[in-house]
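Undergrad: got a predicted structure plus its sequence, pasted below:
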Amino acid sequence: MINIVLPVDFGDKTDQLVDGAIKFAKQLNGRIYLIHVAPSDIGFAIGDMGFQYFPEVEANEIREELVQLNKLEQRIIAHDIDCEHLLKQGLAKDIILEYAKAKNADYIVMGSHGRSGIYDVFVGSLTKGLTKSSNIPVLVLPIHD
């Protein structure tokens, strides 16, 4: 079975990315490993008092992201594709690469919005970082309106 790591950010194009990954997984008899990397600074705010940390904000955000991740996992499973997920905080590129290695991934699937000719905007800085650092093939799916 082919192992596919699918990082998601819950942006407006996530559904299109998941649809593309489902199609890819079906063609290859693949298993999808969903991952969402939340920033480490979710609960921090800057105000008149400087930096402040609000743990309840962080806990609520993480809880909501986990609900979204569970929904995506169930959607993938409904297409008869094995799926599991991970939500972790930290530096996205490093965590995704560690997860891909731990899951013996054959592919990492990312999306590209293609909004301009500038490479970082076209591909995205995370996708660019992964393609430069990964020993695992990174499949970039075009995600357009």
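TA: That came in fine, so what should we check first?
Undergrad: longest helix anywhere in this structure?
TA: If you go by DSSP state H, the chain has its longest helix at helix 55-77.
Undergrad: for the helix or strand just after it, packing partners?
TA: Downstream of helix 55-77, the next assigned helix or strand under DSSP states H and E is strand 83-89. Counting contacts by 3 or more CB pairs under 8 Å, 6 or more residues apart in numbering; DSSP states H and E, strand 83-89 packs against strand 30-38, helix 55-77, helix 92-102. For glycine as for every other residue, the C-beta is placed from the backbone atoms N, C-alpha and C.
Undergrad: do that again at 7 Å, thanks
TA: strand 30-38, helix 55-77 (3 or more CB pairs under 7 Å, 6 or more residues apart in numbering; DSSP states H and E).
Undergrad: among those, which is nearest V109?
TA: strand 30-38 (8.3 Å; CB to CB).
Undergrad: pLDDT on that closest one, on average?
TA: Strand 30-38 carries an average pLDDT of 95.
Undergrad: so where's the protein uncertain?
TA: 41-58, 113-124, 145 (pLDDT under 70).
Undergrad: from N60, how far off is V5?
TA: Counting by CB to CB, to the nearest Å, the gap from V5 to N60 is 27 Å.
Undergrad: cool, and I35?
TA: 21 Å.
Undergrad: neighbour count: those two, which is higher?
TA: Under the criterion of other CB atoms under 10 Å, the comparison of I35 against N60 puts I35 first, with 23 against 13.
Undergrad: I'd guessed that one sits against P7; true?
TA: Yes - assessed by CB atoms under 7 Å, I35 is found in contact with P7 at 5.1 Å.
Undergrad: which residues do the two both contact?
TA: Jointly contacting I35 and P7 under the rule CB atoms under 7 Å, 6 or more residues apart in numbering are I96.
Undergrad: please save the CA atoms from stretch 12-23 in PDB.
TA: Output of stretch 12-23 as PDB, limited to C-alpha atoms (Å, rounded to 0.1, in the frame of the first residue of the first chain):
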ATOM      1  CA  ASP A  12     -10.700  27.800   1.700                       C
ATOM      2  CA  LYS A  13      -9.100  25.400  -0.700                       C
ATOM      3  CA  THR A  14      -8.700  22.500   1.700                       C
ATOM      4  CA  ASP A  15     -11.700  20.600   0.200                       C
ATOM      5  CA  GLN A  16     -10.200  20.800  -3.300                       C
ATOM      6  CA  LEU A  17      -6.900  19.500  -1.900                       C
ATOM      7  CA  VAL A  18      -8.600  16.600  -0.100                       C
ATOM      8  CA  ASP A  19     -10.600  15.700  -3.200                       C
ATOM      9  CA  GLY A  20      -7.400  15.600  -5.200                       C
ATOM     10  CA  ALA A  21      -5.600  13.500  -2.600                       C
ATOM     11  CA  ILE A  22      -8.600  11.100  -2.500                       C
ATOM     12  CA  LYS A  23      -8.400  10.600  -6.300                       C
END
